[in-house]
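Engineer: Predicted model follows, preceded by the sequence.
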Amino acid sequence: MMAQKTGAGLITKVIATVAPRWAAQRMASRLAISRLEELMLEQRDYYGAGRGRGADGWRATNASADSEIAKGGPLLRARMRDLVRNNPIAAAAVQVLVSSLVGAGIRPRAASSDPALNRWVDTLWADWSAHADFDGHTDFHGLTALAARQMVEGGEALALQRLGGKAQGRRVPLRIQLREADHLDDAKMQSVGNRRIVQGIEYDADGRRAAFWLYQDHPGDILRGVGNRMESVRVPADQVIHMFERQRLQNRGVPWGAPVIRSLREIDDWQVAELARKKTEACLVGMLLNADDETGSVAPVVTRDDGTKVEQFEPGMIAYAKGATDIKFNQPAGSGGVYEWHRVQLHIIASGFRVPYALLTGDLSQANFSSSRVGLNEYRRMIDMMQWQVLIPMFCQPIWDWFIAAANLSGAINTPRVAVEWAPPSFESVNPLQDAQADLLDVRSGFRTLPQMIAKRGYDPDANLVEQAAFLAKSDALGLVSDADPRRVSKGGQVQIADPTTPLGDGASPQN
């Protein structure tokens, strides 16, 4: 129902000629009814879009994600890095996220239709990944962990393809060089023909990324002095990996802790202020006062024996006033509710980082077994999503493609493409026995395969099978029977078959 026009009608005008007061009352009633209709309409809108005292100072825009990041991205990175360097809560949150995302490493396994090719590619990868770092500090898994840390802490990570150079003499002449987001020339904004450059990223006519404009040296590196190369150079997009989490239609990332940067800073300031207050209270042990002057303050009246005034407090200090005949001891005030307030703030920070409170703080006093499992299940779903939607497609898979292309160009393999399966690290089980039994039931019921369960734990199913066969063959040759050998021993611990090569029958019962 739309509000009616509230201007004076013909009837009201006629009445006004003979009874002005009555006409005014009629007009006021119509205005009141119209306003009531408007209020009813407003109540049907979103409360969050309402205007009033509760929304005073709330400024919001409909700017694009890239516009918002262009304004605040560099400062967000700088502040988050400062917090991670100096604030233990921020440092713990980043470490927990990186450990969960990467752990010991996200491992690939060649998955083409040719088993021989798969084994050879896996061998090449094992040799190459141990020396994947262009700077020579770590291996592929170390690079993955460092890239994930840069993404969580700084919002995004860059990796460059380096062919030849230090890689010469090896079968796959490829190295990976990591770069921080600061290397991206985000001040470069221009149009070049039918292309445009926005925050250092060049887009073609169709809006696809064509190149990145990168500084050769870190723009904040003051140790290299005047030798810094501060001109950005164009690097084709197929030679650059740019990893970040997309929460909107955006082309740059922001630190994962951006929602709680101010909370981290404020709780840090509060801790410093609270500690300073306690130290100040503890400095002054007591005061010797004149019995006739109960209200004298320390600063203007307390003096030393030589007549000089006391201008600073010292630990264990007892202040003397002239003619002191009485002593009063300082009683520091209590700080009730500090622990509860601090815990609430840490819960807020944990939510902003998307990390369970117990993992962030190590405080398990408010958790039990069931609540811990429920909280961890949701956290693991989030980590699983980040691994398969960000880390693997935006970092691991491009590096695998570079590796296969380099191996093909060097003649190590004769195909430019090899399918791959990735195995992220598994989470430590809260209840290993129950989880193992559930996995066994899944396999025996056909819901999952044994190779899937092996890969779930971060191992290569083929390598596991070869190793197990070799171990069992050696055990048979030595005449050893192990409880871990399901061919001979049942789940109940009873020997089923003396010789695993003997077929079942004539008294031999199938394994449980």
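Structural biologist: Now that the structure is in, tell me what you want to look at.
Engineer: Now do the same contact list for Gly142.
Structural biologist: Residues touching Gly142, when contacts are defined by Cβ atoms under 8 Å, 6 or more residues apart in numbering, comprise Asp133. Quick note: C-beta positions are derived from backbone N, CA and C, even for glycine.
Engineer: number of nearby residues for the closest residue to Tyr357 other than its chain neighbours?
Structural biologist: Take Tyr357 and drop its neighbours on the chain: the residue closest to it by Cβ to Cβ, 6 or more residues apart in numbering is Ala350, 4.4 Å away. Burial of Ala350 is recorded as 21 neighbouring residues (other Cβ atoms under 10 Å).
Engineer: And Tyr47, by the same measure?
Structural biologist: A total of 9 residues lie near Tyr47 under the criterion other Cβ under 10 Å.
Engineer: how much space between it and Gly54?
Structural biologist: Distance, Tyr47 to Gly54, by Cβ to Cβ, to the nearest Å: 9 Å.
Engineer: got the CA positions of the helix or strand containing the residue nearest to Tyr357 in CSV?
Structural biologist: Assigned by DSSP states H and E, Ala350 belongs to helix 338-353. Output of helix 338-353 as CSV, limited to C-alpha atoms (Å, rounded to 0.1, in the frame of the first residue of the first chain):
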residue,chain,number,x,y,z
VAL,A,338,39.9,-9.3,33.5
TYR,A,339,40.2,-13.0,32.6
GLU,A,340,36.7,-13.2,31.3
TRP,A,341,37.0,-10.0,29.3
HIS,A,342,40.3,-11.2,27.8
ARG,A,343,38.9,-14.6,26.9
VAL,A,344,36.0,-12.9,25.0
GLN,A,345,38.4,-10.8,23.1
LEU,A,346,40.4,-13.8,22.1
HIS,A,347,37.3,-15.6,20.9
ILE,A,348,36.6,-12.6,18.7
ILE,A,349,40.1,-12.7,17.3
ALA,A,350,39.9,-16.5,16.7
SER,A,351,36.7,-16.0,14.8
GLY,A,352,38.2,-13.3,12.6
PHE,A,353,41.1,-15.6,11.7
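Engineer: so what secondary structure elements neighbour the very next helix or strand once past it?
Structural biologist: Remark: after helix 338-353, the chain's next helix or strand is helix 357-361, criterion DSSP H and E. The elements that helix 357-361 packs onto, with contact taken as 3 or more Cβ pairs under 8 Å, 6 or more residues apart in numbering; DSSP states H and E, are helix 88-101, helix 338-353, helix 369-386.
Engineer: deepest of those, which one?
Structural biologist: Ranked by mean neighbour count, the helices and strands packed on helix 357-361 are led by helix 88-101 with a mean of 20 (mean count of other Cβ atoms under 10 Å).
Engineer: Tell me which helix or strand comes right after that helix.
Structural biologist: Moving toward the C-terminus from helix 88-101, the first helix or strand encountered (DSSP H and E) is strand 107-110.
Engineer: What would that following strand look like as CSV? C-alpha coordinates only.
Structural biologist: The C-alpha coordinates for strand 107-110 follow below in CSV (Å, rounded to 0.1, in the frame of the first residue of the first chain):
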residue,chain,number,x,y,z
ARG,A,107,52.2,-34.4,-2.4
PRO,A,108,51.5,-35.1,-6.0
ARG,A,109,51.2,-38.4,-7.8
ALA,A,110,51.3,-38.9,-11.5
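Engineer: rewinding a little: dump the helices and strands packed on helix 357-361 to JSON lines, plus mean pLDDT.
Structural biologist: Output for the helices and strands packed on helix 357-361, formatted as JSON lines (pLDDT from 0 to 100):
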{"stretch": "helix 88-101", "mean pLDDT": "95"}
{"stretch": "helix 338-353", "mean pLDDT": "89"}
{"stretch": "helix 369-386", "mean pLDDT": "84"}
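Engineer: can I get those helices in CSV with distance to Gly200?
Structural biologist: Formatted as CSV, the entries for those read as follows, by distance: least, Cβ to Cβ, whole Å:
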stretch, distance to Gly200
helix 88-101, 25
helix 338-353, 27
helix 369-386, 25
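Engineer: Between those, which one is closest to Val254.
Structural biologist: Val254 lies closest, by Cβ to Cβ, to one member of the helices and strands packed on helix 357-361: helix 338-353, at 12.3 Å.
Engineer: Number of residues surrounding Arg417?
Structural biologist: Look at Arg417: counted by other Cβ under 10 Å, it has 11 neighbours.
Engineer: Hmm, Phe403 and it touching each other?
Structural biologist: No - under the criterion of Cβ atoms under 8 Å, Arg417 makes no contact with Phe403, lying 11.5 Å away.
Engineer: Under the pLDDT cut-off, which ranges of the chain? List them.
Structural biologist: Low-confidence segments of the chain (pLDDT under 70): 1-20, 23, 35-46, 165-169, 224-228, 283-336, 491-494, 496-512.
Engineer: who's in contact with stretch 56-76?
Structural biologist: Here stretch 56-76 makes contact (Cβ under 8 Å, 6+ apart) with 155, 182, 186, 198-199, 247-255, 258, 261.
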